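In: Pasting the sequence and the predicted model now:
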Amino acid sequence: MAIAPPATVGMPLSVPRLDPSIPEAIEPLASRRLQARLARGLLDGGVIDAAAVKAGRRSMLKVCEAALQAWLHQQLGELHCLDLSFVLVLRSETETETERSIGYAEPELAPEAEIRWFATCGLWPIGHALQALENVHKGLGATVLTAFDENSDVMPFFSPRDALEVCQEFYWYGLDDESEALENCETDEERRDLAEEMITRAKLDAAFPKWATEFPSKRPNLKVQQLRRLKRGALAPREREVIDSVLALKAARARLLAARSTADFDAQEDGWFTGHAALLAWHEDDLSTRLYDDYCNYASESETRDTIGLHPFDLDNSASLQQWGSAMKHHFDCIRLLDRLITLLSDGDWPQADNS
């Protein structure tokens, strides 16, 4: 008597799926309670929206980070050149007292949580545009470059001034040129080889105009009144747009500095800083990339840091988060304008001119 095969024979096998309510990982109850308090604090502080807190199978910490990142994009709008991201750090009850107090003088001062923000570094050649602006009116290109240097506490940039400082630190024994480094060579052949291999003062001066590597305060910067008068003159629309952006950035920075008296987000951490938001090169193939690589390679042999800013807070202090969100809006104003300036300057349609 023939036996009928099971009904499943010849049918395709289906991949088993877990119910969406089942978490991806089993977390200790204490950790889940901390994450729930974190979500409540962010909600009460108005930083995230209740509709965004849908845990599903993800941990509440990941849900809060995603909601915080969504809030960031909502506040900033679309950026074309700069890339900023937030990370939530939650102090675990299982951490030792030493682990909880890293970066804090006293263990009891260590907060329950931190919001940290970081940037992804991109290469943006802006030299042609700055030199073209300088040719339009002496000091205009320098003023625009200074606007980036002045706001490096908001978005840290690696600029031509930093390129000079890397040369002084790594090649020139802290001096203004390579003369002493060459004098330490024992033979003429060693001296020639070193001069060919290293970045000399002559090579740096050929790569950047002198005003670009000077201290921002020593550049021929234009005052606000001069910029406004210049804008009313016979300028191309794009040049006028650059001036408008610089004036708006100066106003936004003034508001930021006024708010900073009660909201300072400096991470104040030790180590070489490697979290630059942009490498402001003069040209795509100039010395900036090599110097930045040299800097980062040297820094990697020691202690480094890449946090642009942080806000420590306790989970039950929603007022602290409200103040942080309000103060960060001034940062966002500056970041949008900095991004706009880089977008305008990195457009390859600027006339090419020799450095002067």
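Out: Looks like it arrived, so ask away.

In: So what's the gap between the longest helix along the chain and the chain middle?
Out: In the chain, taking DSSP state H as the definition, the longest helix is helix 318-345. How far helix 318-345 lies from its chain's middle: 12 Å, per CA atoms, centre = their mean, to the nearest Å.

In: helices or strands next to it in the packing?
Out: helix 29-44, helix 60-76, helix 127-136, helix 140-150, helix 237-260, strand 309-313 (3 or more CB pairs under 8 Å, 6 or more residues apart in numbering; DSSP states H and E). Using the backbone N, CA and C atoms, a C-beta is placed for each residue, glycine as well.

In: average model confidence for the fifth one?
Out: To tie it back to what came earlier, the one meant is helix 237-260. In this model, helix 237-260 has a mean pLDDT of 93.

In: Which residues does the helix or strand following it contact?
Out: Past helix 237-260, heading to the C-terminal end, the next element that is a helix or strand (DSSP states H and E) is strand 272-273. Residues from elsewhere that reach strand 272-273 (CB atoms under 8 Å, 6 or more residues apart in numbering): 156, 295, 298-299, 302-306.

In: Can you give the strand pairings for whichever helix or strand comes after strand 272-273, parallel or anti for each?
Out: Remark: after strand 272-273, the chain's next helix or strand is strand 278-281, criterion DSSP H and E. Counting by DSSP bridges, the strands paired with strand 278-281 are strand 122-125 (parallel), strand 157-158 (parallel).

In: Identify all contacting residues around strand 278-281.
Out: Contacts for strand 278-281 (CB under 8 Å, 6+ apart): 81-82, 119, 121-127, 145, 148, 155, 157-160, 288-289, 292, 342.

In: let's go with 6 Å and repeat that
Out: 121-126, 157-159, 288, 292 (CB atoms under 6 Å, 6 or more residues apart in numbering).

In: Sort out which residues of stretch 189-202 are buried, please.
Out: Neighbour-count burial for stretch 189-202 flags 194, 199-201 (criterion: 16 or more other CB atoms under 10 Å).

In: In helices only, show me those.
Out: Short answer: the buried residues of stretch 189-202 in helices (DSSP H) are 194, 201.

In: For the buried residues of stretch 189-202, which two are the farthest from each other?
Out: Leu194 and Arg201 (13.5 Å; CB to CB).

In: Below-threshold pLDDT in the stretch 201-350 of the chain: ranges please.
Out: Confidence mapping of the stretch 201-350 of the chain against pLDDT under 70 gives the ranges 261-264.

In: next one: the stretch 51-200 of the chain
Out: In the stretch 51-200 of the chain, residues with pLDDT under 70: 52-58, 92-111.

In: Distance-wise, check Lys210 relative to Leu140.
Out: To Leu140, Lys210 is 16 Å away according to CB to CB, to the nearest Å.

In: Same check on Ala319?
Out: 44 Å.

In: When these two are compared, which one has more neighbours?
Out: Leu140 (25 against 11; other CB atoms under 10 Å).

In: if I look at the spatially closest residue to the more buried one that is not a sequence neighbour, how far off is Arg238?
Out: The spatially closest residue to Leu140, leaving aside those adjacent along the chain, is Leu133, at 4.4 Å (CB to CB, 6 or more residues apart in numbering). For Leu133, the distance to Arg238 (CB to CB) stands at 10 Å.

In: With Phe313 instead?
Out: Taking CB to CB, one finds Phe313 at 43 Å from Arg238.

In: of these two, who's got more company?
Out: The residue with more neighbours, out of Phe313 and Arg238, is Phe313; 22 against 15, by other CB under 10 Å.

In: so what's the more buried one bridging to?
Out: If you apply DSSP bridges, the partners that Phe313 bridges to are Ala113.

In: I figured it was touching Gln323, is that so?
Out: No - checked against CB atoms under 6 Å, the pair Phe313 and Gln323 is beyond contact range at 9.5 Å.

In: one step back: reformat the strands paired with strand 278-281 as JSON lines; add distance to Leu227 and mean neighbour count.
Out: Output for the strands paired with strand 278-281, formatted as JSON lines (distance: least, CB to CB, whole Å; neighbours: other CB atoms under 10 Å):
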{"stretch": "strand 122-125", "distance to Leu227": "22", "mean neighbour count": "16"}
{"stretch": "strand 157-158", "distance to Leu227": "21", "mean neighbour count": "24"}
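
In: got CSV for those strands, with distance to Val166 too?
Out: Formatted as CSV, the strands paired with strand 278-281 follow (distance: least, CB to CB, whole Å):
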stretch, distance to Val166
strand 122-125, 16
strand 157-158, 9
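
In: Let me know how buried the closest residue to Leu194 other than its chain neighbours is, in neighbour terms.
Out: Once flanking residues are discounted, Leu194 sits nearest to Cys185: 5.8 Å by CB to CB, 6+ apart. For Cys185, the number of neighbouring residues by other CB under 10 Å comes to 14.

In: No further questions, thank you.
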